[in-house]
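# build me a model:
(chains A and B)
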Amino acid sequence: MKPGPVIELEGICVRKAQFRLLDEINLHISRDEFVGLIGPNGAGKTTLLNVIAGFERFSGNLRLFGQLENRQRSRRTRLRVGYVPQLFDIDLAFPIRALEAVMIGASGRAGLFRTPGKAERERAMHLMKMMRVDHLAGQPLGHLSGGERRKISIACALLQQPEVLLLDEPTANLDVAVQREVLHLIGEIHAQEAVAVLFVTHDFNMLPLAMQRAVFLNRGRVVFDGAVQNAWTGSALSRLFEYPIETFERGGRRFVSFD
Amino acid sequence: MIENLLAGFSEPSIRRALLACILCGAGCSLLSVFVVLMRMPMIGVAMAHAAFAGAVFGMLAGVHPAAWGFVFCLAVAGVLGPFSDRVRMAPENVLGILFSFLMGLAFLGMGILTRTKAAAFTLMWGNLLSISRRDLVVLTAVTAGVVIFIALFFKEIRAVMFHRRIAAASGVPERIIYYAVLFLTGAVVSANLSTVGGLLIFALLMQPGATALQLTYDLKLFFIISAAAGTTACVSGLLISYILDLPSGASVVVMATAIFAAAYAASPKRRSAGPAQRNPHYAKDSR
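Take a look at the predicted model:
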């Protein structure tokens, strides 16, 4: 039996001045799904993630775990939704070491007047090991590379033990090897930790193998919602990006090519 | 010279001034951690002008100027966070607007005021030797409030200063913590204004945090170094001003700058971090 939806969006609209950033979005995401949110710049991908994460005002109905939500969230709901922002725009001089940055993910779950203990620290180290940055635990965060800091931000979101993980271009500005590695790790986490993933990207050739469903967003509207194999066609992608795009297969995987 | 110093400390007003200096150094320099790490250098000067405008308003209304200075500071602190969040402007830009508005308001009041303006100017320059017992009680309560706040909510404070959105997403009551920091800044600035003055507070809200930034990657140690640097600057500045008969506020600022310069020169963070550590995972993969 298919598990019930953890995210339900019905008629979600976001307006800024005369612009409609999101226009009547309807979307249901289940507990076992790994969904890719794809679209050109300005399509509304980050806005949609911000609506779900509780950082954007909206109209329409948003249900998380069956509960109707607005922008204000209870601590309990926040703990169930992990969020990795597009820009991990931290001050590189900020006095914090990599392990402490990951431990921020345990701050909310621990609650007020309680310091996260040994169990949380061990879990943080386990996540860092999964992300292959455990050897950097004692390093100042500002000394780490962009890719390593990105892995730290993902580990931080996972430490709060979310049931839904919102990832806003987690592989942006990373080199190819690190991109592949981060995607593989996110797929592993989806499988091992039973976390529903909503993943924003516009890199077609770097899709996680675990991604079964694609949602195309353009000008604030959902223009396609279905299986990845149906989405990854030259005609669908060309329509979405308004640019000639072709697809081809190699080694059982579909790739995208354009001029 | 030591006999002169000891004789000076037998004076109640000097003892009160020294105690006020220590409290001011501790309170302001603990807050300077927020000011430096959250990049809000304007907050000190904006709060000082809020107090100045409040004092002028109090004088016009014929009620206690310092109390109105306190009220205006807290009002600015109360408005700053929600306003910058609502209009999506950086707090530093909102502070710029508030600072210029309050300065305009203060000078407007000064133009209307026909009586002596000394009480309002005292808030800008301060007067350490005129500190009353009541001033000390307020200063102690506010400084204790800052210390207790940091001790109780350290992990939440670290999360909010690190990244407000990540803190909120992790379930930390990010807005409450952030607004509390702004509110405490208003309380500390207004409690210290009539004693050490707005200009000295501006220095003490920047330099101790900037000093700690040169020396450590550990946030707990950052708070301790900042408090030590601010208190040392205050006490040494006061002693130097007493011995050499110099203005106390200026002496404290010069000492705070000297401590910052020494920390900058000795900063281990400025030295090369050395070659990047080899990632054992990749090493394992490459075999």
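# tally up the residues packed near B:Arg88, please.
Using other C-beta atoms under 10 Å in any protein chain shown, B:Arg88 has 6 neighbouring residues. No exception for glycine: its C-beta is placed from N, CA and C like everyone else's.
# any idea how far it is from chain A?
Distance of B:Arg88 to chain A, given as C-beta to the nearest C-beta, to the nearest Å: 10 Å.
# quick check: phi and psi on that residue?
phi 50, psi 50 (degrees, to the nearest 10).
# cool, A:Leu144 as well?
Dihedral angles (degrees, to the nearest 10) for A:Leu144: phi -80, psi 160.
# hey, which helix or strand in the chain has the poorest pLDDT?
I'll assume chain A. strand A:253-258 (a mean of 74; mean pLDDT, DSSP states H and E).
# you looked at the wrong chain, it should be chain B
The least trusted helix or strand in chain B, going by mean pLDDT, DSSP H and E, turns out to be helix B:280-286, with a mean of 49.
# how about the contacts made by the closest residue to chain B within chain A?
Closest residue of chain A to chain B, C-beta to the nearest C-beta: A:Gly108 (2.3 Å). Applying C-beta atoms under 8 Å, 6 or more residues apart in numbering or on different chains to A:Gly108 gives the contacts A:75, A:78-79, A:160, B:159, B:167, B:170-172.
# run the last query once more with 10 Å
Going by C-beta atoms under 10 Å, 6 or more residues apart in numbering or on different chains, A:Gly108 touches A:75-76, A:78-79, A:159-160, B:155-156, B:159, B:167-174.
# just the buried members of the residues you listed?
The neighbour count (16 or more other C-beta atoms under 10 Å in any protein chain shown) marks A:78-79, A:159-160, B:155-156, B:159, B:167-174 as buried among the contacts of A:Gly108.
# may I ask which two of those residues are separated the most?
By the measure C-beta to C-beta, A:Leu159 and B:Pro173 form the most distant pair in the buried ones among the contacts of A:Gly108, at 18.1 Å.
# where does the residue lying closest to A:Ala110 once chain neighbours are set aside sit: helix, strand or coil?
Nearest non-adjacent residue to A:Ala110, counting by C-beta to C-beta, 6 or more residues apart in numbering or on different chains: A:Pro116, 4.6 Å away. With DSSP: H, G, I helix; E, B strand; the rest coil as the basis, A:Pro116 sits in coil.
# tell me the buried residues in stretch A:183-199?
Residues of stretch A:183-199 classed as buried by neighbour count (16+ other C-beta under 10 Å): A:183, A:185-187, A:189-190, A:195-199.
# same thing with stretch A:11-29?
Quick answer for stretch A:11-29 (16+ other C-beta under 10 Å): A:12, A:14, A:21-22, A:25, A:27, A:29.
# before we move on, what about stretch B:29-49?
Result for stretch B:29-49 [16+ other C-beta under 10 Å]: buried residues B:29-38, B:40-49.
# how about the residues of the stretch 151-259 of chain A by chain B?
A:153, A:156-157, A:159-160, A:162, A:166, A:177, A:181 (C-beta under 10 Å from any C-beta of the partner chain).
# so which of those residues sit within strands?
A:Leu166 (DSSP state E).
# okay if I get the buried residues of stretch A:183-199 as a markdown table plus pLDDT and secondary structure?
Listed next are the buried residues of stretch A:183-199 as a markdown table, based on pLDDT from 0 to 100; DSSP: H, G, I helix; E, B strand; the rest coil:
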| residue | pLDDT | secondary structure |
| --- | --- | --- |
| A:Leu183 | 85 | helix |
| A:Leu185 | 81 | helix |
| A:Ile186 | 85 | helix |
| A:Gly187 | 86 | helix |
| A:Ile189 | 83 | helix |
| A:His190 | 87 | helix |
| A:Val195 | 88 | coil |
| A:Ala196 | 92 | strand |
| A:Val197 | 93 | strand |
| A:Leu198 | 94 | strand |
| A:Phe199 | 89 | strand |
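# list phi and psi for A:Val215.
phi -120, psi 120.
# count of neighbours near it?
Using other C-beta under 10 Å as the criterion, the residues surrounding A:Val215 number 22.
# could you do B:Val63 as well?
10.
# the residue nearest to A:Ala110 and B:Phe154 touch, don't they?
No - the criterion here is C-beta atoms under 10 Å, and A:Pro116 misses it with B:Phe154 at 11.6 Å.
# name the residues contacting each of the two.
A:Ser107.
# now for residue 107: which residues touch it?
Just so you know, I chose chain A. Here A:Ser107 is in contact with A:114-116, A:120, A:156, A:159-160, B:154-160, B:162, B:166-167, B:170-172 (criterion: C-beta under 10 Å, 6+ apart).
# if you could check chain B rather than the one you did, that'd help
B:49, B:52-53, B:56.
# what about it, distance to chain A?
35 Å.
# before we move on, what about B:Leu200?
From B:Leu200 over to chain A (counting by C-beta to the nearest C-beta), the distance is 26 Å.
# likewise B:Phe83?
16 Å.
# ok, for that residue, nearest residue in space, not its chain neighbours?
The nearest residue in space to B:Phe83 (C-beta to C-beta, 6+ apart) is B:Val94, at 5.7 Å.
# for the one you found, what are its contacts?
B:Val94 touches B:40, B:42, B:46, B:76, B:79-81, B:83-85, B:87, counting by C-beta under 10 Å, 6+ apart.
# and for B:Ala227?
B:25-30, B:32-33, B:146-147, B:150, B:208, B:212.
# likewise for A:Glu69?
Applying C-beta under 10 Å, 6+ apart, the residues near A:Glu69 are A:8, A:51-52, A:54, A:58, A:61-63, A:77, A:81.
# how far away from the center of its chain is the strand or helix carrying B:Ser190?
Take DSSP states H and E as the rule and B:Ser190 turns out to sit in helix B:174-196. Chain-centre distance of helix B:174-196: 8 Å, with C-alpha atoms, centre = their mean, to the nearest Å.
# in chain B, what residue lies closest to chain A?
Closest point on chain B to chain A, by C-beta to the nearest C-beta, is B:Gly171, at 2.3 Å.
# name the nearest residue to that residue, sequence neighbours excluded.
Closest residue in space to B:Gly171, ignoring its immediate chain neighbours: A:Gly108 at 2.3 Å, by C-beta to C-beta, 6+ apart.
# contact residues of the stretch 51-200 of chain B facing chain A?
B:152-163, B:165-176.
# just to revisit the earlier point, the buried residues of stretch A:11-29 in helices, which ones?
Here DSSP state H is the test, and the buried residues of stretch A:11-29 give no hits in helices at all.
# now do stretch B:49-65, average pLDDT.
Stretch B:49-65 comes out with an average pLDDT of 83.
# could you pull out the buried residues of it?
For stretch B:49-65, by 16+ other C-beta under 10 Å, it's B:49-60, B:65.
# low-confidence ranges, the stretch 101-250 of chain B, go.
Low-confidence segments of the stretch 101-250 of chain B (pLDDT under 70): B:115-126.
# all helices for it, in order.
B:118-125, B:133-152, B:154-162, B:164-169, B:174-196, B:198-204, B:207-215, B:219-244, B:248-266 (DSSP state H, counting those that start in this stretch).
# re the thing from before, and the contacts of B:Val94, which of them are buried?
Buried among the contacts of B:Val94 (16+ other C-beta under 10 Å): B:40, B:42, B:46, B:76, B:80-81, B:84.
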